[in-house]
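**Q** A predicted structure for the sequence below; I have some questions about it.
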Amino acid sequence: MSPYPAHKPHDRTPHNLANLSALTPARFDSSHVGPWTRWAHDLNAELMIIGQDWGDERYFVENRGLDNPTNPTNIALQELVLSIGLQLPQPPIAGAVPDPRSANCGIWLTNALLWLKTGGLSAKVRDDWFGDGAAYFLKAQIDIVQPRVIVALGQRAYGLVLSSYNLPKQRGPFLSVVEMKEPVTLSPEARGVRLVAVYHCGIRIRNTLRHFPEQRNDWVRVRRALDSAAC
């Protein structure tokens, strides 16, 4: 039996988002829960990183179900992870032999929204996309992997983790959550997993809301959470 939650059997969600397995050509889909998980899928991961959404239908097909190797978000994420003493392998490339380090790098990558939008990578997303369906698949991954720390890249990813465990929604601006001294501890059901919020490391956010040196400083909190969870 696969350790990964299965895709929904229908072609599209009620919000007209695409199921990866229903896209043409379907061979670009995989047994992993999402494209980002193909990059890092250590079932014994100490760190789970949750992005908002992976991309759109066109990007998925053009890149054969994988990321463009020059994707600036992924390059920035590799630097941030390295700054706290962990290392992501190189993202998988279509036609190349999968890197075995993806399964033992200590990291699990996923997205809050596992379905694909249309309109380009920067197309707007809607709050109602992050409802019970998205929460179901996210919580399943957390329960399977049982990481010590979860990093939520952005407000929607952070909010979905909270709602998955029936925790109160954040109050105030997202910046106040990012700058909290202590992480949120999830319910006993989640075995004390700690949740840290950071800004998304995409180029638009880095050029406006949170520049890269500030983001590197935010990730110091991730390292501290990992160290305290190990005690």
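**A** Right, received. Where do you want to start?
**Q** Spell out the residue ranges of the helices in the protein.
**A** In the chain, the segments counted as helices under DSSP state H are 57-62, 72-83, 132-145, 155-164, 174-178, 203-207, 212-218, 220-229.
**Q** what's the offset of the fourth one from the middle of its chain?
**A** For helix 155-164, the distance between its averaged C-alpha position and the chain's averaged C-alpha position is 11 Å (C-alpha atoms, centre = their mean, to the nearest Å).
**Q** What is it packed up against?
**A** Here helix 155-164 touches strand 47-53, strand 107-113, helix 132-145, strand 149-153, helix 174-178, strand 194-198, going by 3 or more C-beta pairs under 8 Å, 6 or more residues apart in numbering; DSSP states H and E. In this view, the C-beta of every residue, glycine as well, is placed from N, C-alpha and C.
**Q** In TSV: those, plus mean neighbour count, mean pLDDT and distance to residue 206.
**A** Formatted as TSV, the helices and strands packed on helix 155-164 follow (neighbours: other C-beta atoms under 10 Å; pLDDT from 0 to 100; distance: least, C-beta to C-beta, whole Å):
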stretch	mean neighbour count	mean pLDDT	distance to residue 206
strand 47-53	24	97	14
strand 107-113	26	97	19
helix 132-145	18	94	25
strand 149-153	27	98	12
helix 174-178	16	96	14
strand 194-198	24	97	12
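**Q** Now render the ones you listed as a markdown table, adding distance to residue 93.
**A** As requested, those are exported to a markdown table (distance: least, C-beta to C-beta, whole Å):
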| stretch | distance to residue 93 |
| --- | --- |
| strand 47-53 | 19 |
| strand 107-113 | 16 |
| helix 132-145 | 24 |
| strand 149-153 | 23 |
| helix 174-178 | 32 |
| strand 194-198 | 27 |
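**Q** Would you point out which residue is most central in this protein?
**A** residue 50 (2.3 Å; C-alpha atoms, centre = their mean).
**Q** low-scoring stretches of this protein, by residue?
**A** 1-14, 21-27, 188-190, 231 (pLDDT under 70).
**Q** Kindly recompute the last result at 50.
**A** For the chain, residues meeting the criterion pLDDT under 50 lie at 1-11.
**Q** quick one on the thing from earlier: between the helices of the chain, which gets nearest to residue 121?
**A** When the helices of the chain are compared by C-beta to C-beta, helix 57-62 sits nearest residue 121, at 5.8 Å.
**Q** Next, the buried residues of that closest one.
**A** 57, 59, 60 (16 or more other C-beta atoms under 10 Å).
**Q** nearest spatial neighbour of the residue nearest to the centre of the chain, skipping sequence neighbours?
**A** Closest residue to residue 50 apart from its sequence neighbours, by C-beta to C-beta, 6 or more residues apart in numbering: residue 157 at 4.5 Å.
**Q** Could you check how far the one you found is from residue 112?
**A** 4 Å (C-beta to C-beta, to the nearest Å).
**Q** overlap in contacts of the two?
**A** 50, 51, 52 (C-beta atoms under 8 Å, 6 or more residues apart in numbering).
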